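> Compute the structure for the input listed below.
(chains A and B)
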2 protein chains.
Amino acid sequence: MQGSRIIVALDKPTPREILEKLVSSLCDLVSGYKIGLPLLLVNGVSIVGELREQCPKVLWMADLKLADIGYIMSLTASVVGEYFDAIIAHSFVGYDDALDKLKEACKESNLKLVLVYSMTHKGALEIYMKLRKLLAEIIRRTDPWGIIAPATLPEIIKEARALFPGKKIFSPGIGAQGARPGQALCAGADYEIIGRMIVESSNPRKAIEEVIRAQEEALQCRTAI
Amino acid sequence: MQGSRIIVALDKPTPREILEKLVSSLCDLVSGYKIGLPLLLVNGVSIVGELREQCPKVLWMADLKLADIGYIMSLTASVVGEYFDAIIAHSFVGYDDALDKLKEACKESNLKLVLVYSMTHKGALEIYMKLRKLLAEIIRRTDPWGIIAPATLPEIIKEARALFPGKKIFSPGIGAQGARPGQALCAGADYEIIGRMIVESSNPRKAIEEVIRAQEEALQCRTAI
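Model (predicted):
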């Protein structure tokens, strides 16, 4: 987790050789990789064992956005624990018979639990954003290692930072979804999750170097506050 | 979708040979199979192509409880469309840039969309159950093929039946989670999703026959109302 503040999102099913090359070529510039559901469904979770050999010391996050009963979420944690360091779940499923069980399973599988506080898309305004008080209560009760808060809404990141001072904050929504690199860090996030902007660039390494420059400027903005 | 009103839930990672045998041995007694995330992560989604050869004419549902932005959910639909007939998603992610995109992707991949109206576990009371009005609005706007409502809460099934008269209602929560077989049908559900009670039985065929008997009685209860 040294170096930049970038978690690269790999979501799209991609041939293993291309993924391995990408992971190894960006390894010295990133804090971690976040692997999405579509990729895992096609390749099976064991692909992550092979990918992390290309970059073993960073954080590997399973982005499954878990939102099920405790039994299924625990089963899932026990299945991904061998390959990942962290797992993302939704907080709106509640604590009892849901996140309580998942938290236990994460402990057994040595997984860091990361809970969604809010989302990046327009539809989040219809319901997700209205529930922040309830969600914050469930997050406090679950006491996860990290929080997801949207880079597209810096005020929500500031709010999450104030509510959960000891937690790592991860912010998706940079690039394709509209936020500028560095914007979430400036608001108080620890890491920015970036996918298409890097992965679909003709030169991912150059794209990531540009992000790092923007992040460095943004961190100055934080000192300035 | 002829015959019984049972969808068998296969969630636990299991060797392919055992799954194939189970699927073929229950085929004439079920309306479909619902495949869960832990199994799909371990085996990869292509296993469903092999499983459905054992029982091609029933409904195959991808139980991914999707709860992500439209881009990721659409990508997922395009990935599972080749193997499944239906896909389950959460309604709380909202319509704009979420379910609108998923619905489009389902159409392209010839997938029936099934949305969660409420959940079965205790933690659903903390937040999910409080949101039914908002969730119903999003479901109406999305206009899915089916709805998920918990067998453990028959009043919620009755409510869903009244709110969404034209939709198929699927009810999980029978057996391990506490509801009796037939209870959800009596309240108005079309199908009962049953996992551990059948799959972990020493004689799954016998277990399913007992469920069918209970369901037949329950359907009489419905006529009686």
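> Find the least confident helix or strand in chain A, judged by mean pLDDT.
The helix or strand of chain A with the poorest confidence is helix A:204-224; it has a mean of 86 (mean pLDDT, DSSP states H and E).
> Give me the contact list for it.
Identification of contacts with helix A:204-224 by C-beta atoms under 8 Å, 6 or more residues apart in numbering or on different chains yields A:4-6, A:8, A:22, A:25-26, A:29-30, A:174, A:180-183, A:185-186, A:188, A:192, A:194, A:197-198, A:201. C-beta here means a position set from N, CA and C on the backbone, and glycine is covered the same way.
> out of the residues you listed, which are buried?
In those, burial by neighbour count holds for A:4-6, A:8, A:22, A:26, A:29-30, A:174, A:181-183, A:185-186, A:188, A:192, A:194, A:197-198, counting by 16 or more other C-beta atoms under 10 Å in any protein chain shown.
> Identify those among these that sit within helices.
Using DSSP state H, A:22, A:26, A:183, A:185-186, A:197-198 are the members of the buried ones among the contacts of helix A:204-224 that sit in helices.
> What is the most widely separated pair among those residues?
The most widely separated members of these, counting by C-beta to C-beta, are A:22 and A:186 (27.6 Å).
> where in chain A is pLDDT low?
Across chain A, residues meeting the criterion (pLDDT under 70) sit at A:1-3, A:222-225.
> cutoff 50 now
Low-confidence segments of chain A, defined by pLDDT under 50: A:1-2.
> need the helices for it, in chain order.
Listed in chain order, the helices of chain A (DSSP H) span residues A:16-26, A:37-43, A:47-53, A:70-80, A:100-108, A:132-142, A:154-163, A:183-187, A:196-199, A:204-224.
> what's the most buried one of the ones you listed?
Of these, the one with the most neighbours on average (mean count of other C-beta atoms under 10 Å in any protein chain shown) is helix A:183-187, at a mean of 25.
> Nearest residue to the middle of chain A?
Among the residues of chain A, the one closest to the centroid is residue A:170, at 5.3 Å (C-alpha atoms, centre = their mean).
> what pairs with the lengthiest strand in chain A, and is each one parallel or antiparallel?
With secondary structure taken from DSSP state E, chain A has its longest strand at strand A:59-66. Using DSSP bridges, strand A:59-66 pairs in its sheet with strand A:32-36 (parallel), strand A:86-90 (parallel).
> what angle separates the last one from helix A:100-108?
What it means is strand A:86-90. Taking axes from the mean of the first three to the mean of the last three C-alpha atoms, to 10 degrees, strand A:86-90 and helix A:100-108 form an angle of 170 degrees between their directions.
> Give me the contact list for strand A:86-90.
Counting by C-beta under 8 Å, 6+ apart, A:34, A:59-67, A:73, A:76-77, A:80, A:99, A:102, A:106, A:111-116, A:145-146, A:148, B:67, B:90 sit against strand A:86-90.
> Next, find the distance separating residue A:42 from residue A:35.
In this structure, residue A:42 and residue A:35 are 11 Å apart, going by C-beta to C-beta, to the nearest Å.
> and if you look at residue A:133?
Distance of residue A:133 to residue A:35, computed by C-beta to C-beta: 31 Å.
> Could you do residue A:189 as well?
According to C-beta to C-beta, residue A:189 and residue A:35 sit 20 Å apart.
> Could you do residue A:205 as well?
Look at residue A:205 and residue A:35: by C-beta to C-beta, they are 20 Å apart.
> now swap in residue A:128 and tell me
According to C-beta to C-beta, residue A:128 and residue A:35 sit 23 Å apart.
> Could you do residue A:192 as well?
Distance of residue A:192 to residue A:35, computed by C-beta to C-beta: 17 Å.
> now residue A:115
The span separating residue A:115 from residue A:35 equals 18 Å under the rule C-beta to C-beta.
> I'd like the distance from stretch A:192-207 to the chain centre, please.
If you compare the mean C-alpha spot of stretch A:192-207 with that of the full chain, they lie 16 Å apart, counting by C-alpha atoms, centre = their mean, to the nearest Å.
> wait, I meant stretch A:191-210
Distance, stretch centre to chain centre, for stretch A:191-210: 15 Å (C-alpha atoms, centre = their mean).
> cool, and stretch A:58-65?
Averaging C-alpha positions (C-alpha atoms, centre = their mean) puts stretch A:58-65 6 Å from its chain's average.
> Many thanks, we can stop here.
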